[in-house]
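1. Please find the sequence and the predicted model below.
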Amino acid sequence: MAEGIRDKVAILGMGCTNFGELWDKSGNDLLVEAFTACLEDAQIEKKEIDACWIGAAMPEFGIGGTSLPCAATLKLPFIPVTRLENACATGSEALRGASYAVASRVCDIALAIGVEKTKDTGYGGLPNMRGGLSGTVGQIIGPNVSAPGMFAQLATAYEAKYKIPMDKIKETIAHISWKSHENGALNPLAHLRRRVTKEQILNAPMISYPLGLFDCCGVSDGAAAAIVTTPEIAKSIKKNQDIVKVKALQIATSSGEESICNEYDGASIWTTSRAAPRAYEEAGIKNPREEISMFEVHDCFSITELSTYEDLQISPRGGGVEDVLNGFFDLKGGGIPCQPDGGLKCFGHPIGASGLRMVYEMYNQLLRRWPEERLVPNPKFGLTHNLGGQPIQNVVSICIVGL
Amino acid sequence: MVGIRSYGGYIPRYRLDRMKIYQSIGWINQGNIAYARGEKAVANVDEDTLTMAVAAGLDCITGFDRSEMDGVYLASTSFPYKERQNAGIVAGALCLNDNIRSADFGGSLKSGTTALLSAMEAIASKGANNLVVCASESRLGGIGSSQELIFGDGAAAFLVSDKDVIAEYKGSFSLTCDFVDHFRGSNSKFDRQWEDRWIRDIGFDKFIPEAVNGLFNKYGLKIGDFAKVIYPCYYASEHKKLAKTLGVEDGKLQDTMLGQVGEMGTAQPMAMLVKALEEANPGDKLLVVSYGSGCDALWFEVTDNIKKLKGRRGISGHLANKTELDVYEKYLAWRNIIQVDVGLRTEEDVWARWSVDWKNKKAILGFYGTKCLKCGVPQFPPQRICANPQCGAVDQTEPYTFADKGGKIFTFTGDNLTSTMDPPETYGNIDFNGGGRYMMNFTDCTVDSISVGMPVEFSFRIVNYDPKRDLTIYFWKAVPTNKGV
């Protein structure tokens, strides 16, 4: 393995808007808010930023395409700005671009920012997916699907593979959503801040069998940003503060094997299970269940979170159900808190921002900036998992941060 | 010997109880109670004339070498395209060669038999060896009209050949008259008709006997020669009365299936002929008469080969595979007779890019993927670099169709979010028999009736209709067969 990114990049500052149905704000407003908060936290001036990566996955509904709207909105002074999109992992890709620039020492200080205005489509959920992952011909040969429908298939495959009755799976994923709502209720930045009962979850309308309304994250508007630099520069700016460093940053992209060949089991996400060991090795983690302190995973749907526990090697294969029902992932459950901020479940999913929002939570937990009721005890490593695409074809970004 | 080598049929799975229609709209014309009996076959939301023709055609050519087919003739008065050859789309979906002849036959309800005659004469003149003839229909009557009650959807197909014929073509007699009992202008959605009594007394009553007698005089035949007499007539009592006029003995009159399917237009005499062949014995003589702007009368003699032709669903198989359409308004919405609000999500524009369609025509119409010549793994969509990680061969593939392979459900869901006229939209990953996997839409099923491991077969269906440009887009869907689970 190459040398990797461990301890080469420090997060100097972060900013995150509240996420929600922000009818009175534009994507440009959200960029300004996330950026100014991030700059203030980083304790630097704008002119010190060497380059910027802006993540926006569906800019036709928001700020517009290319790097130009971001540069002009933030008045970035003729620095390199790159707009990128990598499905729902777009925010993490922005962080990767900025981190690689710093790790390679091409830049001293780089900005990663992500934004999405998903609420200006006029309807709930993301736009139609037909052809989205397979180009123009996909509009004809691709199935007429939605995001919940693509991920719901994890559940039918999980049921068939592990012979776990659907009722038990439903009970498990209800606990997952319940736990996230408990956490989100404590978080002023979250979109959904309402506690819900497991009965409400189980009795909610069906969105895509077997996923009900509360098994699905909403969509929302929001932006988040990170300024990264070298640990040395970070220490020189923040002399009296812990420095949060990138320990691992791994991405895995489907090769086409899952969707074309017959070996993939349908009840897991192969990209996650490939990126995770690479990330653990990069971070020097031997036993993730023992060493990861907290994590934010891509809970676009509750069933995705269940699979992810196993794909990340936190739970054994087929053992996620037991861990969930034992409260292992609850905020104060004595295990590894998952979605301490409420997750996509409560934040919704402004695509370009979500990956950075996850890191924002890990960063602030490590710096002990939250009120006691929200704090994860003694965190060492925080992991984020950002997934874009569908179970049979996707990109996964895993980022591990620590002090 | 020229004649029919094989047959196939298709009746859509949904049946609409005519009384349901009458109960909803019968108040506008109470006399329609006369037609409010039985049920009519209704194409699913993703079916039309073209998809039904493909289904009947596939049924017909099952077991035959597709490369032997020299052409496709398609008859209908309800084509989805006025310009863009409909038969060409059918040929693509039947995975036939490019170097074949194709033609659309339309305009009259007798065009099915005219297509059949043209095929038989082409074979007789040695212009071709094997031609596929399909007739398919999905006609609409206006809301509250008698036609709305009478019309049904269905298709029939024949393989016409000079080899291994099951029914020898013996001769024909045709009439052409501009008798406008029914008509549709080129901008009209609905059939219009003149008074029933005129149609019955001057139409059916005069033309059918005239065609039959013309045929008899030409070939020296008499009605008693025939084991089955086939002619359409959607006036049930008139159908029987005509039999008396013609002297058809009891049990020899082929049923019109009016109570189970409805009047199938160009496909009507063709589907009746399929049904007759299903029950025919060697030596039987069959008389077939079509009706519409005149008549074609044809006669056949069934051969010993009839006993060898197996594995067709035909019309009987499809009659048995049925599900009640629960709501009349669904029929109206599916045929775009009433506009329903499917939500803003539906309004996102999906273009057909014809140059892309052309480049991918084998994948789209024939469900062709690739099979790796090095490792043998079948793959869809077509790949240039083998997806098998143990292989990875570059540009070492051969075309491979999945259309006739069947498969099993690997994962599934029923989606209430995505835009569809028939929620929940069912889809999932299919593991193909013989290898390969693809995520595709399901059809003719409900989410409660499917499970992982259930066998599926593939059906050519509408996958999108673009109202802005009036174009229909087709691809393949998986049909769970409920067998073996």
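-> Here it is on my side, so go on.

2. Can you name every helix or strand that the least confident helix or strand in chain A by mean pLDDT contacts?
-> Ranked by mean pLDDT, DSSP states H and E, the weakest helix or strand in chain A is helix A:135-141, scoring a mean of 90. Packing contacts for helix A:135-141, counted by 3 or more C-beta pairs under 8 Å, 6 or more residues apart in numbering or on different chains; DSSP states H and E, involve helix B:354-359, helix B:361-366, strand B:455-466, strand B:471-480. Heads up, the C-betas are built off the backbone N, CA and C, glycines and all.

3. could I get those as a markdown table with distance to chain A, mean pLDDT and mean neighbour count?
-> Formatted as a markdown table, the helices and strands packed on helix A:135-141 follow (distance: least, C-beta to the nearest C-beta, whole Å; pLDDT from 0 to 100; neighbours: other C-beta atoms under 10 Å in any protein chain shown):
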| stretch | distance to chain A | mean pLDDT | mean neighbour count |
| --- | --- | --- | --- |
| helix B:354-359 | 5 | 94 | 12 |
| helix B:361-366 | 5 | 97 | 20 |
| strand B:455-466 | 7 | 96 | 21 |
| strand B:471-480 | 5 | 96 | 22 |
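
4. right, so of these, which gets closest to residue B:404?
-> Closest approach to residue B:404 among the helices and strands packed on helix A:135-141 is made by strand B:455-466 (7.7 Å; C-beta to C-beta).

5. now the closest one against strand B:471-480, angle please.
-> Angle, strand B:455-466 to strand B:471-480, by axes from the mean of the first three to the mean of the last three C-alpha atoms, to 10 degrees: 160 degrees.

6. mind saving the C-alpha coords of strand B:455-466 as CSV?
-> In CSV, the C-alpha atoms belonging to strand B:455-466 read as follows (Å, rounded to 0.1, in the frame of the first residue of the first chain):
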residue,chain,number,x,y,z
PRO,B,455,-38.9,-17.4,-12.1
VAL,B,456,-39.5,-14.7,-14.7
GLU,B,457,-39.7,-14.5,-18.4
PHE,B,458,-39.2,-11.4,-20.5
SER,B,459,-41.8,-9.3,-22.3
PHE,B,460,-41.4,-6.4,-24.7
ARG,B,461,-43.2,-3.4,-23.3
ILE,B,462,-43.7,0.3,-23.3
VAL,B,463,-41.2,1.8,-20.9
ASN,B,464,-42.0,5.4,-21.5
TYR,B,465,-44.4,7.6,-23.4
ASP,B,466,-43.4,11.1,-24.3
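
7. residues in contact with the residue lying farthest from the centre of chain A?
-> Distance from the C-alpha centroid of chain A peaks at residue A:140, with 30.6 Å (C-alpha atoms, centre = their mean). Residues near residue A:140 by C-beta atoms under 8 Å, 6 or more residues apart in numbering or on different chains: A:131, B:352, B:356-357, B:360, B:364, B:463-464, B:473, B:475.

8. same check, this time on residue B:478
-> Going by C-beta under 8 Å, 6+ apart, residue B:478 touches B:407, B:409, B:428, B:430, B:440-443, B:456-459.

9. hang on, the earlier thing: flag every buried residue along the least confident helix or strand of chain A.
-> With burial defined by 16 or more other C-beta atoms under 10 Å in any protein chain shown, the residues of helix A:135-141 counted as buried are A:136-141.

10. Quick check: of these, which lies closest to residue A:329?
-> Checking the buried residues of helix A:135-141 against residue A:329 with C-beta to C-beta, the nearest one is residue A:138 at 35.5 Å.

11. In stretch B:162-179, which residues are buried?
-> For stretch B:162-179, a neighbour-count test (16+ other C-beta under 10 Å) marks B:162, B:165-170, B:172-175, B:179 as buried.

12. With stretch A:220-240 instead?
-> A:220-231, A:233-234, A:237-238.

13. now stretch A:363-375
-> Neighbour counts using 16+ other C-beta under 10 Å place A:363-367, A:370, A:374-375 of stretch A:363-375 among the buried residues.

14. what bits of the chain have low per-residue confidence?
-> All of this is about chain A. The model of chain A has pLDDT under 70 over residues A:1, A:131-132.

15. try chain B instead
-> The model of chain B has pLDDT under 70 over residues B:483-485.

16. okay, now the domains of it?
-> With domains defined by automatic domain parsing, chain B comprises B:3-334, B:363-480.

17. Counting neighbours, what do you get for residue A:390?
-> The number of residues packed near residue A:390 is 25, by other C-beta atoms under 10 Å in any protein chain shown.

18. Give the bridge partners for it, please.
-> On DSSP bridges, the residues paired with residue A:390 through beta bridges are residue A:393.

19. cool, and the one 10 residues further on?
-> With DSSP bridges as the criterion, residue A:400 is bridged to residue A:248, residue A:383.

20. That one against residue A:383, yeah?
-> Yes. With contact defined as C-beta atoms under 8 Å, residue A:400 reaches residue A:383; the gap is 5.1 Å.

21. distance of residue B:386 from chain A?
-> Separation of residue B:386 from chain A (C-beta to the nearest C-beta, to the nearest Å): 9 Å.

22. just residue B:426 next, same as before
-> 9 Å.

23. same deal with residue B:338?
-> 22 Å.

24. Check the secondary structure at that residue for me.
-> Of the three states, residue B:338 takes coil under DSSP: H, G, I helix; E, B strand; the rest coil.

25. what about the closest residue in space to it that isn't next to it in sequence, which helix or strand?
-> Leaving aside its sequence neighbours, residue B:338 sits nearest to residue B:332 (C-beta to C-beta, 6 or more residues apart in numbering or on different chains; 4.4 Å). Element membership for residue B:332 (DSSP states H and E) is helix B:328-334.

26. who touches that helix?
-> So helix B:328-334 is in contact with B:16, B:20-21, B:24-25, B:42-45, B:143, B:325, B:337-340, B:421-422, going by C-beta under 8 Å, 6+ apart.

27. Now stretch A:35-51: buried residues?
-> For stretch A:35-51, the neighbour count (16+ other C-beta under 10 Å) marks A:35, A:37-39, A:41-42, A:44, A:49-51 as buried.

28. Relative to residue A:391, tell me which of the helices and strands packed on helix A:135-141 wins on proximity.
-> Checking these against residue A:391 by C-beta to C-beta gives strand B:471-480 as the closest, at 18.0 Å.

29. what distance separates the closest one from the centre of its chain?
-> A distance of 14 Å separates the centroid of the chain from that of strand B:471-480, by C-alpha atoms, centre = their mean, to the nearest Å.
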